[in-house]
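Asker: One predicted model, sequence on top.
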Amino acid sequence: MLMFENQNDIMTRKERYRYILDYFRTHNPNVGTELDFGSAFQLLCATLLSAQCTDKRINAITPELFRRYPTATEMSKAEPAEVFEYVRSVSYPNSKSRHLVEMARMLVEHYDGDVPEDPREMMKLPGVGRKTANVIQAVWFGKAAMAVDTHVYRVSHRLGLVPKTANTPLKVEEWLMRSIPEEDIPDAHHWLLLHGRYVCRSVRPQCENCPFDSFCPKLIDGSKLN
């Protein structure tokens with residue numbers, strides 16, 4: 001593990017990116033989403049449902065949901081109240097069940113039931129914002145897209161990957177997209193997300209288990225990073 005004795009040893013941001021990415025490439029090369037799905041449509045549904053909810057909870061309810069509504073065509077024929085019964089245990093079930101049905105209907109009416117590859121088209125779907133579209137771009141279509149959720153946003157700031165002025169998800173996304181090699185971007189989303197989910201938690205971060213703790217900006221007085 002790297003150790004820094006004084007201010008002259010502070011990493012530049014470029015060095016920080018290089019070390020952190022090298023670590024993840026070595027220790028977690030086969031990273032991926034923890035959501036369960038069998039198609040682009042199912043991934044889109046699961047990602048929409050996962051907003052402000054754990055992947056564990058989503059994976060507990062989607063098997064029954066997808067058995068009943070495996071494609072956009074089946075879900076487009078449902079009413080929100082029917083879908084609600086399958087998703088009632090997730091956060092904001094009323095709005096999410098409505099968005100799922102409206103999204104499915106729009107997919108059937110305008111995209112032949114398929115999830116569009118163009119993120120601009122995807123974001124026209126009810127309930128689908130930039131973060132969700134970027135998840136589908138990276139996970140399903142294999143594109144270099146960076147989805148910034150609360151974990152990625154928090155970890156990017158805590159590890160000094162972005163300056164304090166990157167104070168919106170879009171600004172963090174732009175910084176990460178400029179700083180991470182294109183071939184690493186789909187994996188980097190998961191690396192940062194999982195690090196935030198299990199180690200660099202919002203409450204009671206597990207600093208003793210963090211491979212970057214010795215050069216975490218929290219230890220640096222007058223850091224050059226911001």
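Answerer: Great, that's in hand.
Asker: And the lengthiest helix in the chain, what does it pack against?
Answerer: Across the chain, the longest stretch assigned as helix under DSSP state H is helix 93-111. Counting contacts by 3 or more CB pairs under 8 Å, 6 or more residues apart in numbering; DSSP states H and E, helix 93-111 packs against helix 40-49, helix 72-76, helix 80-87. Every residue, glycine included, has its C-beta placed from N, CA and C.
Asker: what's the angle between it and helix 80-87?
Answerer: Angle between the axes of helix 93-111 and helix 80-87 is 120 degrees (criterion: axes from the mean of the first three to the mean of the last three CA atoms, to 10 degrees).
Asker: Run through who's touching helix 93-111.
Answerer: 41, 44-45, 48-49, 51, 69, 72-73, 75-76, 78-81, 83-84, 86-87, 90, 113-115, 121, 124-128 (CB atoms under 8 Å, 6 or more residues apart in numbering).
Asker: run the last query once more with 7 Å
Answerer: 45, 48-49, 72-73, 75-76, 78-80, 83-84, 87, 90, 113-115, 125-128 (CB atoms under 7 Å, 6 or more residues apart in numbering).
Asker: So which bits of that helix are buried?
Answerer: For helix 93-111, a neighbour-count test (16 or more other CB atoms under 10 Å) marks 93, 96-108, 111 as buried.
Asker: could you point out which element follows it?
Answerer: helix 119-122 (DSSP states H and E).
Asker: which of the buried residues of helix 93-111 sit farthest apart?
Answerer: Pairwise distances across the buried residues of helix 93-111 (CB to CB) peak at 25.4 Å, for the pair 93 and 111.
Asker: rewinding a little: ok, of the contacts of helix 93-111, which come out buried?
Answerer: Buried among the contacts of helix 93-111 (16+ other CB under 10 Å): 45, 48-49, 72, 75-76, 78, 80, 83-84, 87, 90, 113, 115, 125, 127-128.
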